[in-house]
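Asks: Sharing a model that was predicted from the sequence below.
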Amino acid sequence: MTHNECRAMFVDVLYHQLPENDALRFEEHCKTCAECRSEITKLRETLRVMNLRERPEPDTQFWNRYWEELLPNLERQDQKKTIKFFGLKQFSNAPIPSWAYGIAAVVLVAVGIFLGRTYMNVVPVSNTHQEPAGVIASSSEDSVTALAQSYLQRSKNLLIGMINTSDEHSLPADFAAQQQVSRDLIEKATYLKTVLKDPDQRRLLQLVKDLEVILLQLANTEIKPGVPVVELVKTGVDQKSILLKINLQEMLGKKHHSDSSAKIDKHTL
Amino acid sequence: MTDEHLLIERAQRGEMNAFRELVERSKINVYRLAYDLTGSRHDAEDLSQDVFVKAYRSLSQFRHDAKWSTWLYRITVNTCMDRRKVKSFTQLSFRDDMDEGVVAGAMKHSSSISPEKSAEAGLIRQEIEKALDRLTSKERSVFVLRHYHDQSLKQISETLGISEGTVKSFLFRAIRRLQKELAFYKEDFGLENQ
């Protein structure tokens, strides 16, 4: 018999569960193997020490009032069992079938998706062309310029509002409203890009495009804590010197407007 | 069909007296197992009540090919393990209980043996509880079921839902660990030659 075979018998030896033949083989091995003999002796001693253990028994009062204390808890279980569901079905002790858990999980997921789509999701704004509602039908130069000026003014207000937020790492309180304004402006930008074709409007077109990139970032940012939105906007604005360009464009627009007025006045006179 | 199975059937039909009889028959064993698993008298008292509430709640799931005591032991082991997870066996109350047990043990023996021997015996019992506490939940469950509740390896495997081979392996590991934990004290208290 090997050591391993002998050790595999230790538990059965300790609890006297070894068949007679194996017991004889075990004893024979231990006679010649000091290691196994010493080990089984130590284990036997350990069990003997464990027999010195005593359990403190509860006092008789505990046993006397055992049922009286248990009964209210059992009755509460009975009350739970008889809760009626819509007055039709009585819950019983029967286990809930696994398919019911499956259905419950599917319903929960569906409700989650519905709620997520309805209340939480930020609708990505595509860059495809859509005719904005309320856009002036006429694409005459003046109306286009007026629309562009309005677009620039609103964009500037939005960006200044964002940039002046004190904490760069937290979302502005009215960020959802700012995203909505961004989406409106993107629609206008999409329209403006189709009508700003005059070579004189090249700079204005470029500015509209630059602004649109920042507005798209803004509109498509998920509302999550820790997203550095303000920092992103600031970087975009700084890189393109957007505010400076808007100011210049506004000044040019005013000049253009006054020139046109002067021309008209002169003509009228 | 045994008397026990008849009682279970009656209890399953909602006869509270039948369930009471089952409780009366098994409450001491359930308390003792809970104590062996927790080492705390107060926890064992609470847990034994929890065990019967759980048993009552799932009485309809009891299959008559199973043994009532095995089923109840399984609930007891699971309840104690759950409590251990939640509470990590609150060390403070555990130690308090242990001291109480040691004192009780010393008092019990004081009439028959000298105070010195009695104190020694109390300390040994304290060290035994500490050694048991160092076993894993599975090792401790297997050991106490085999050593203090005389359950066969097959019964333990049914109670714990693991194979007999695994039970044997846990039992061996438990005894080896206890041996290591108690080796020092055996020498210290002169138990080697007893």
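Replies: Nice, I can see it.
Asks: what helix or strand is residue 157 on?
Replies: As the question left the chain open, I've gone with chain A. A:Asn157 belongs to helix A:141-163 when assigned by DSSP states H and E.
Asks: Wait, chain B was what I had in mind.
Replies: Per DSSP H and E, B:Ser157 falls inside helix B:153-160.
Asks: go on, A:Phe114?
Replies: Using DSSP H and E, A:Phe114 falls in helix A:98-115.
Asks: now B:Asp46
Replies: According to DSSP H and E, B:Asp46 maps onto helix B:41-57.
Asks: Around B:Leu171, count how many other residues there are.
Replies: Number of residues near B:Leu171 (other C-beta atoms under 10 Å in any protein chain shown) recorded here: 22. Quick note: C-beta positions are derived from backbone N, CA and C, even for glycine.
Asks: I'd guessed it sits against B:Ser141; true?
Replies: No: with contacts defined as C-beta atoms under 8 Å, B:Leu171 does not count as touching B:Ser141, sitting 10.2 Å away.
Asks: Contacts for the helix holding B:Ser157, please.
Replies: Outside of helix B:153-160, the residues within contact range by C-beta atoms under 8 Å, 6 or more residues apart in numbering or on different chains are A:11, A:17, B:66-67, B:70, B:73-74, B:77, B:138, B:141-142, B:145-146, B:151, B:163-164, B:166-168, B:171.
Asks: next helix or strand past it?
Replies: Criterion used, DSSP H and E; the element after helix B:153-160 is helix B:164-188.
Asks: contacting residues around that next one?
Replies: Helix B:164-188 has contacts (C-beta under 8 Å, 6+ apart) with A:10-11, A:14, A:42-43, A:45-47, A:49-50, B:124, B:127-128, B:130-132, B:134-135, B:138-140, B:142-143, B:146, B:153-154, B:156-157, B:160, B:162, B:191-192.
Asks: Of the residues you listed, grab the buried ones for PyMOL.
Replies: PyMOL command restricting those to the buried ones, with burial defined by 16 or more other C-beta atoms under 10 Å in any protein chain shown:
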select buried, (chain A and resi 10+11+14+42+43+45+46+49+50) or (chain B and resi 124+127+128+130+131+132+135+138+139+140+142+143+146+153+156+157+160+162+191)
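Asks: Quick check: mean pLDDT of stretch B:5-18?
Replies: Averaged across stretch B:5-18, pLDDT comes to 91.
Asks: can you count the residues close to the residue in chain B positioned nearest to chain A?
Replies: Of all residues in chain B, the one sitting closest to chain A is B:Ser60 (3.7 Å; C-beta to the nearest C-beta). Using other C-beta under 10 Å, the number of residues around B:Ser60 comes to 12.
Asks: Would you confirm that it contacts B:Ala11?
Replies: No: using C-beta under 8 Å, B:Ser60 makes no contact with B:Ala11, being 10.0 Å away.
Asks: Any regions of chain B where pLDDT drops low?
Replies: Residues of chain B meeting the criterion pLDDT under 70: B:1, B:86-118, B:184-194.
Asks: what about the most centrally placed residue in chain B, which helix or strand?
Replies: With distances taken as C-alpha atoms, centre = their mean, B:Leu33 lies nearest the centre of chain B, 2.4 Å away. B:Leu33 is part of helix B:16-38 when elements are defined by DSSP H and E.
Asks: now do the same end-to-end measure for stretch A:194-204.
Replies: 12 Å (C-alpha to C-alpha, to the nearest Å).
Asks: circling back to that earlier point, would you mind listing the buried residues in the helix holding B:Leu33?
Replies: B:18-23, B:26-27, B:30-38.
Asks: cool, and stretch B:65-77?
Replies: Going by neighbour count (16+ other C-beta under 10 Å), the buried part of stretch B:65-77 is B:68-69, B:71-77.
Asks: circling back: who touches the residue nearest to the centre of chain B in this structure?
Replies: B:73, B:76-77, B:80, B:144-145, B:149.
Asks: For the stretch 51-200 of chain A, what lies in contact range of chain B?
Replies: By C-beta under 8 Å from any C-beta of the partner chain, the residues of the stretch 51-200 of chain A that approach chain B are A:52-56, A:58, A:62-63, A:66-67, A:69-71, A:73-74, A:77, A:92-95.
Asks: Separate out the buried members of these.
Replies: For these, a burial check counting by 16+ other C-beta under 10 Å picks out A:53-56, A:58, A:66-67, A:70, A:74.
Asks: And chain B, what are its domain boundaries?
Replies: What the record gives for chain B is the domain set B:1-88, B:90-122, B:134-188, from automatic domain parsing.
Asks: that older thread, tell me what angle the helix holding B:Ser157 forms with helix B:164-188.
Replies: 100 degrees (axes from the mean of the first three to the mean of the last three C-alpha atoms, to 10 degrees).
Asks: any idea of the angle helix B:153-160 forms with helix B:16-38?
Replies: Using the same axes, to 10 degrees, helix B:153-160 lies at 100 degrees relative to helix B:16-38.
Asks: How many residues are close by B:Gly14?
Replies: For B:Gly14, the tally of surrounding residues (other C-beta under 10 Å) stands at 11.
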